[in-house]
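Novice: got a predicted structure plus its sequence, pasted below:
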Amino acid sequence: MSDHHHTADHDAHAAPEASGIKKITNILVLLGLPLVVVGSLVVYYMGQSSGHVAASMSEEAVMGRIQKVGVLQLGEASREPKTGEQVYQAQCTTCHAAGLVGAPKLADAGAWSPRIATGYEALLTSALKGKGNMAAQGGGAFADFEIGRAVVYMANAAGAKFEEPKAPEAEGAAAPAADAASAAK
């Protein structure tokens, strides 16, 4: 047997030759299609830059697409305010129970008396903004007035007679009361 192929058998399996018209049509399509796409894009962008804003880009349409769809609220939304003792147990006990890093121990009148002498507002400011080795407690898990309750709890345990701060009323109700109080002065 020979490896010699017959020419007629080989031509039967080869791809047929395209006619001259098919070649020209293929070249025109391959060159013309990108030109049509680029031309369409140029016409579209020229229309956009001429000052005509598409309806989908109007201010109302954009605002409708980016409107707020929900609210993320960290923490408990409507929980009961914590007492001074509860805040102390949750937030302050680690340092103030053992007197760590210079923190005055709970009910240690000797350590607390110079601090109590500065007054409630100074103690609250120190607790909210931080002082010495104590990190700022404001803006954390508890509201500022709850931190104030913890300050009162600890100071009163050492002999102070501070009054526990009350929970602030709703903003709408608090504003007229504040206006009335300032008008009375």
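Specialist: Received the coordinates, thanks.
Novice: what's the burial count for Arg149?
Specialist: By the criterion of other Cβ atoms under 10 Å, Arg149 has 25 neighbours. (C-beta placed from N, C-alpha, C; glycine too.)
Novice: list the residues that contact Arg149.
Specialist: Going by Cβ atoms under 8 Å, 6 or more residues apart in numbering, Arg149 touches 81-84, 87, 164-165.
Novice: please repeat the previous calculation with a cut-off of 7 Å.
Specialist: 83-84, 87, 164-165 (Cβ atoms under 7 Å, 6 or more residues apart in numbering).
Novice: okay, and it sits in which element?
Specialist: Per DSSP states H and E: Arg149 is located in helix 144-157.
Novice: ok, the residue nearest to Gly140 when sequence neighbours are not counted - how many residues close by?
Specialist: Leaving aside its chain neighbours, Gly140 sits nearest to Gln91 (7.5 Å; criterion: Cβ to Cβ, 6 or more residues apart in numbering). Neighbour count of Gln91, defined by other Cβ under 10 Å: 19.
Novice: same question, the one 10 residues further on
Specialist: Other residues near Val101 number 9, with proximity taken as other Cβ under 10 Å.
Novice: report pLDDT for the residue lying closest to it once chain neighbours are set aside.
Specialist: Nearest in space to Val101, with sequence neighbours left out and distances taken as Cβ to Cβ, 6+ apart, is Asn133 at 4.0 Å. Note on Asn133: pLDDT of 88.
Novice: my guess is Asn133 contacts Gly99, does it?
Specialist: No - applying Cβ atoms under 7 Å as the test, Asn133 and Gly99 come out as separate, 11.5 Å apart.
Novice: and these two? which has more neighbours close in?
Specialist: The neighbour count for Asn133 versus Gly99, taken as other Cβ under 10 Å, is higher for Gly99 (13 against 10).
Novice: next up, the contacts around the more buried one.
Specialist: Lys105 are the contacts of Gly99 under Cβ under 7 Å, 6+ apart.
Novice: and the gap between it and Met154?
Specialist: 12 Å (Cβ to Cβ, to the nearest Å).
Novice: now do the helices in this structure.
Specialist: 7-13, 20-49, 59-65, 84-87, 93-96, 109-117, 120-129, 144-157, 171-184 (DSSP state H).
Novice: least reliable of the ones you listed by average pLDDT, please.
Specialist: helix 171-184 (a mean of 42).
Novice: Ala155 contacts Leu123, correct?
Specialist: Yes - with contact defined as Cβ under 7 Å, Ala155 reaches Leu123; the gap is 6.2 Å.
Novice: what's the first-to-last distance across stretch 151-162?
Specialist: End-to-end distance for stretch 151-162, by Cα to Cα, to the nearest Å: 9 Å.
Novice: pick the most deeply packed of the helices of the chain.
Specialist: Among those, helix 144-157 has the highest mean neighbour count (mean count of other Cβ atoms under 10 Å), at a mean of 22.
Novice: backbone phi and psi for the residue nearest to Val101, please?
Specialist: Main-chain dihedrals, Asn133, degrees, to the nearest 10: phi -90, psi -10.
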